[in-house]
Each structure stands twice: as C-alpha cells, then as structure tokens.
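**Student:** turn this into a structure:
(4 chains)
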There are 2 protein chains.
Amino acid sequence: MSLWQSIADQLRAEIARGKWPPGTRLPPETELAARFGVNRHTVRHATRVLADEGLLYSRRGAGVFIAASPVDYPLSERVRFHRNIALSGKVPGRTIDTIMTRPSGEVEAHALGLEPGALVHVAEGISLVDFKPVALFRTIYPADLLPELPAMLRREESVTGALLACGVEDYQRLSTRITARIADAVQAAKLQIEPGDALLRTEGLSRWNERMVERALTWWAAERVTLTLPHVDS
Amino acid sequence: MSLWQSIADQLRAEIARGKWPPGTRLPPETELAARFGVNRHTVRHATRVLADEGLLYSRRGAGVFIAASPVDYPLSERVRFHRNIALSGKVPGRTIDTIMTRPSGEVEAHALGLEPGALVHVAEGISLVDFKPVALFRTIYPADLLPELPAMLRREESVTGALLACGVEDYQRLSTRITARIADAVQAAKLQIEPGDALLRTEGLSRWNERMVERALTWWAAERVTLTLPHVDS
DNA sequence: ACTAATTTGTTCGTATGTATG
DNA sequence: ACATACATACGAACAAATTAG
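**Tutor:** Take a look at the predicted model:
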C-alpha cells in the first residue's frame, strides 16, 4: 500500500464519519503534509483521488473543501422525492415559483387522459437537497380531479402531502422516460451550475386508481444526482 | 492554458486522428518529455488525464498504450439492447474497437468482487441503431471466470452468445446507475455529435449465480436516445 | 480600493522502488 | 541478470487565485 493510498483511505474514513461537514475547508495541504509526515505532493495525490471520487473539490487560493455528496435517487414505482432524500439522510426541500391553472396542451392532455383543453394545474419550482438546488420541476395535474390542489401545494411541504390532502392516498409511477440535455442560462442560474453543464431530464407519469394524476417533468443537475434503478433481486 | 493541458490536447488530437492504432505503445515518458520540451512530470500529468478519460492506459514497466480507436469489428449488441431496438422497428448493431485483457483497477475490481489487479477482459465499441452510432460502451468481465470470453466475443454474434459459450446461461442485471455528462472531443467524434453535447451515462452491474459477470459502462448520445423505465403495474 | 498573507496549481529537479521484457 | 519504463516520493520555487486586513 502506497503512502498516498493510505492517506486517501484515512481521509476518506474521516470524511465518512463526518469529521468535516460538507462545505468545510480542510486544513491546508502543507498542514496535512506535516500531519502525515509526507511531502505536499503526496497529500495532493491523495486529495486528487478523493476529488475524482467526488468527495472533495479544491479552489486555487481558497482551499480544499468537502463536497456535498451527489444524491442517489431511486426511480421506483413509488417515487417520492421527500422520502427518497430523507431516507438518504439528507434534508429535502423545495421552492415553488409558480402555480397556475390553465387549459392543457395536446401532449399534456393525452398523457393525463384528458380532453385537449381540459383544465390542468401546473406547478413549477426547484427541488432542494440540504438547501441546495438539485432539480427543476414542472408537474401537471388534472384540475377536475384535484380542484383543491393549488392551495394544498402551498400549504403542504411535499407533493405527496398535498395529494394526500386532496384524497389521493397512493399513486404509482407508471412510466419514466430519461434523457439528457444541456443547461441554458436560465436553468443554470436556477440550479446554480454553469450554462452548458449536463442536465438529466426525466418525464414521469403517475396513476391513481384508474386516473392519471401527475405528469412530472424534472431537470436534474447531473453533477449532483445519480438516478438508480433498483432491479428485482432473484 | 497550462503546459500539461496543451500537451493533453495535442495527444488527444493525435489519438483522435489515428496516429497511433489501438494497442500501440506510446513513446516513453522521457521521450515525450523531450519532444514537448518539458519535465517528465508534466507529460505524466497529461497522460494521467487522458487515462482518466479512457483514451490511454499504462502498465508499469511496459509503457503507455492507446485504449481505444475507431477500428471496427462488427458484432451484435447485448440481447436486451438488440431486442428492444428490433422491437421498435429499427436495425440494431454495433462495432467493437478493442477487446483486451489487462489488470483491473480498484473500482472495477471492487464492482466485480475481485482482488485489485486481477485480470479482466475489457471490450470497447459503439452501439448502432440503423447503422448510426447511438452509444459508446465499455464492458468488463472477470477473466478468471471467463477465460475464453475474448475469443467467444469475436466468434459469437452477441454478448449473450459469447457468455453462453463460456457457460453463463442466464445473467441478471443487478443495478443500474444513471447520470449525465458532457461529450468531449473523442466521444463526440465517435458518436458523430458535437463536443459539449449531452451524454447519458449508465453503469450496470450483472450477476450470474454468486459471481458478478459484467460491468457495463455506456455513454449514450442523449439527443438520439431516451431511456424508458417500464414500471411493473399492480 | 489596495496590499499582504494564505493557499492551491504548475513545473522543475532528483532519487528510489517495482514490474516488464 | 539486466536494461527499460512506469510508480512513488521528496524538495524547491514560482504562478495564480483567494481571502483577510
């Protein structure tokens, strides 16, 4: 085992047990070098590997910092943002930019099983993990089925809660479509990333009983999330 | 632009235009250093980055080698891909750039449940739909479990066929992780897209009985593919 | 607004270990 | 056994960016 490897392992373990919370600055390289009794290069080799793994990032002149670990987001039949994030030990949250009710477009109506022009609620906002933006969302609901949803969305903390308040007890993800796009200036600004960075785009359709209740469009900051598929085990 | 960056760019370009065929050994670091008029460390910094990108790999005492290049070996894709594409009324296909056997890296070994350094087979190539590239793939197999796989991959039309010839009757996808990245120059060239375009990256792990048999990394041209998740219906 | 100190990034030099052929 | 070539590690210096005062 080389020196840089054991140093990397040690730092990895200390990060794992939360010695430095995310965003914290590590001691300077010179200090770490002194602590481990090695040359600065050797510490840099270790921190470089950890940076490759996404645990750290460095800013010239500023220091080396603990990175907020990218979130694993499982795409299952019952996709619940708040629950998913909370289960991974992080703090879920969201802001809502707009809630409006308007006639549906053709694609929306078809997806939700409505007549074209039927009213839909549309909510747009930002999903947060540990108070940092990870995704933009646009969710669309049939207004006839959920007349009180806009009010509930404002009152409740999570979409699931709002739907529950409207009587929707258990809805299931029917299908998910995934692709990727480049962030434009507006998306980048909202997600606090750079224009040209990669976005994961998911398009989900959920059902409750015999009705489609939600069409969810989500643009994820790819650098902050990994979508995972829990396959059936044998 | 730092020295190592311009050197990396130069080497990347030379690799891209096929100056060194796949498997070729690059000139020794000392020679490259002399050619670029820099210290050996500076060359190493450049080659390290290129190795991270998957263009190169180095073997201690042997040299630095080209990992992949556009040399076509027409074989078919994995069963699911093949079937899915065929079912959608399109023509599936693929090319293989390289099949090689080399010591595993840490991440690979861990994923496949091997000792670091244990031999693995690595196949790299391009997946085609209607004779147009849609994805780059790198698949990794434990060599001890599948000693004849490279020969079988060349002989058989599909991965499934090759694995079957190695005694692997039915393997299961254990997990899939999805994220997105930006295409670099080499990836863009292979996929016939533009550098900076979005790539969907999937990372799959498959099991056969109690052994991991395949780690599959795939970079999809996001503009040409949408991954869909058919959720189980209740 | 400017300066100085701090801190990471890059580059050189040098030496030794270890695997390959 | 031997030369070659990559891997690791130390030391030194300066550049570039950030931060503190």
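**Student:** OK, contacts around A:L11?
**Tutor:** A:A46, A:T47, A:L50 (Cβ atoms under 8 Å, 6 or more residues apart in numbering or on different chains). Any C-beta I mention is one placed from the backbone N, CA and C, and that applies to glycine too.
**Student:** lowest-confidence one in those residues?
**Tutor:** Looking at the contacts of A:L11 by pLDDT, the weakest one is A:L50, with 85.
**Student:** what's the residue lying closest to A:T30 once chain neighbours are set aside in contact with, if anything?
**Tutor:** Leaving aside its chain neighbours, A:T30 sits nearest to A:R40 (6.0 Å; criterion: Cβ to Cβ, 6 or more residues apart in numbering or on different chains). Contacts for A:R40 (Cβ under 8 Å, 6+ apart) come out as A:E29, A:T30, A:A33.
**Student:** briefly note if the helix or strand containing A:E14 comes near DNA strand C.
**Tutor:** Assigned by DSSP states H and E, A:E14 belongs to helix A:3-16. No - judged by Cβ under 7 Å from any atom of the strand, helix A:3-16 and DNA strand C are separated, with a smallest distance of 11.4 Å.
**Student:** could I get the CA-only coordinates of that helix as CSV?
**Tutor:** C-alpha atoms of helix A:3-16 as CSV (Å, rounded to 0.1, in the frame of the first residue of the first chain):
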residue,chain,number,x,y,z
LEU,A,3,1.6,6.3,1.1
TRP,A,4,-0.9,8.3,-0.9
GLN,A,5,-3.3,5.4,-0.8
SER,A,6,-3.2,5.1,3.0
ILE,A,7,-3.6,8.8,3.3
ALA,A,8,-6.6,8.8,1.0
ASP,A,9,-8.1,5.9,2.9
GLN,A,10,-7.6,7.8,6.2
LEU,A,11,-9.1,11.0,4.8
ARG,A,12,-12.0,9.0,3.3
ALA,A,13,-12.8,7.4,6.6
GLU,A,14,-12.7,10.8,8.4
ILE,A,15,-15.0,12.3,5.8
ALA,A,16,-17.3,9.3,6.1
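**Student:** buried residues in it?
**Tutor:** Of the residues in helix A:3-16, A:W4, A:I7, A:A8, A:L11, A:R12, A:I15 count as buried by neighbour count, 16 or more other Cβ atoms under 10 Å in any protein chain shown.
**Student:** then stretch A:51-58?
**Tutor:** For stretch A:51-58, burial by neighbour count (16+ other Cβ under 10 Å) applies to A:A51, A:L55, A:L56, A:S58.
**Student:** filter the contacts of A:R40 by proximity to DNA strand C?
**Tutor:** Among those, DNA strand C is touched by A:E29, A:T30 when using Cβ under 7 Å from any atom of the strand.
**Student:** roughly how far apart are the residue of chain A positioned farthest from its centre and A:V43?
**Tutor:** Going by Cα atoms, centre = their mean, the residue of chain A most distant from its centre is A:G37, 39.5 Å out. Separation of A:G37 from A:V43 (Cβ to Cβ, to the nearest Å) stands at 10 Å.
**Student:** other SSEs contacting the least confident helix or strand in chain A by mean pLDDT?
**Tutor:** Using mean pLDDT, DSSP states H and E, strand A:71-74 stands out as the lowest-scoring helix or strand of chain A, at a mean of 80. When contacts are defined as 3 or more Cβ pairs under 8 Å, 6 or more residues apart in numbering or on different chains; DSSP states H and E, strand A:71-74 sits against helix A:81-87, strand A:225-230.
**Student:** which residues touch it?
**Tutor:** Defining contact as Cβ under 8 Å, 6+ apart, one finds that strand A:71-74 is touched by A:84-85, A:88, A:90, A:129, A:134, A:220, A:224-230, B:177.
**Student:** buried subset of those?
**Tutor:** A:N84, A:I85, A:K90, A:V129, A:V134, A:W220, A:R224, A:V225, A:T226, A:L227, A:T228, A:L229.
**Student:** related to what we said a few turns ago, contacts for the helix or strand just after the helix holding A:E14?
**Tutor:** Sequence order places helix A:29-36 as the next helix or strand after helix A:3-16, per DSSP H and E. Residues outside helix A:29-36 that contact it (Cβ under 8 Å, 6+ apart) are A:L3, A:I7, A:Q10, A:L26, A:P27, A:N39, A:R40, A:T42, A:V43, A:R44, A:T47, A:V64.
**Student:** coming back round to it: quick one: contacts for the residue farthest from the centre of chain A?
**Tutor:** No contacts exist for A:G37 under Cβ under 8 Å, 6+ apart.
**Student:** and it, its phi and psi?
**Tutor:** Phi and psi for A:G37, reported as degrees, to the nearest 10, are phi 70, psi 40.
**Student:** leaving out chain neighbours, which residue sits closest to the residue sitting nearest the centre point of chain A?
**Tutor:** A centroid search over chain A (Cα atoms, centre = their mean) returns A:V134, at 4.1 Å, as the residue closest to the centre. The shortest distance from A:V134 to any non-neighbouring residue, by Cβ to Cβ, 6+ apart, is to A:R224 (4.8 Å).
**Student:** I figured the one you found hits A:K132, correct?
**Tutor:** Yes - counting by Cβ atoms under 8 Å, A:K132 is a contact partner of A:R224 at 7.5 Å.
**Student:** thinking again about what came up before, what is the nearest of the contacts of helix A:29-36 to B:R215?
**Tutor:** Proximity of those to B:R215 (Cβ to Cβ) peaks at A:T47, which lies at 26.5 Å.
**Student:** is the host helix or strand of the closest one anywhere near DNA strand D?
**Tutor:** Taking DSSP H and E as the criterion, A:T47 maps to helix A:40-52. Yes - for helix A:40-52, a contact with DNA strand D is found by Cβ under 7 Å from any atom of the strand, at A:R40, A:H41, A:T42, A:H45.
**Student:** of the contacts of strand A:71-74, which is the nearest to DNA strand D?
**Tutor:** A:R224 (20.4 Å; Cβ to the nearest atom of the strand).
**Student:** tell me the pLDDT at that closest one?
**Tutor:** A:R224 is assigned a pLDDT of 87 by the prediction.
**Student:** and if you look at the one 4 residues further on?
**Tutor:** Reading off the per-residue confidence, A:T228 sits at a pLDDT of 82.
**Student:** residues in contact with A:P27?
**Tutor:** Counting by Cβ under 8 Å, 6+ apart, A:P27 touches A:R35.
**Student:** same question for A:S206.
**Tutor:** A:V79, A:Y171, A:Q172, A:R173, A:L174, A:M212, A:V213, A:E214, A:R215, A:A216.
**Student:** before we move on, what SS does A:P133 have?
**Tutor:** For A:P133, the assignment made with DSSP: H, G, I helix; E, B strand; the rest coil gives strand.
**Student:** hang on, it packs against A:A188?
**Tutor:** No - taking contacts as Cβ under 8 Å, A:P133 lies outside contact range of A:A188: 10.6 Å.
**Student:** show me the shaky parts of chain A.
**Tutor:** For chain A, applying pLDDT under 70 flags the ranges A:53-54, A:68-70, A:76-77, A:230-234.
**Student:** give me the buried positions along stretch A:26-44.
**Tutor:** Within stretch A:26-44, the residues scored as buried using 16+ other Cβ under 10 Å are A:L26, A:E29, A:L32, A:A33, A:F36, A:V38, A:T42, A:V43, A:R44.
**Student:** good, we can wrap up now.
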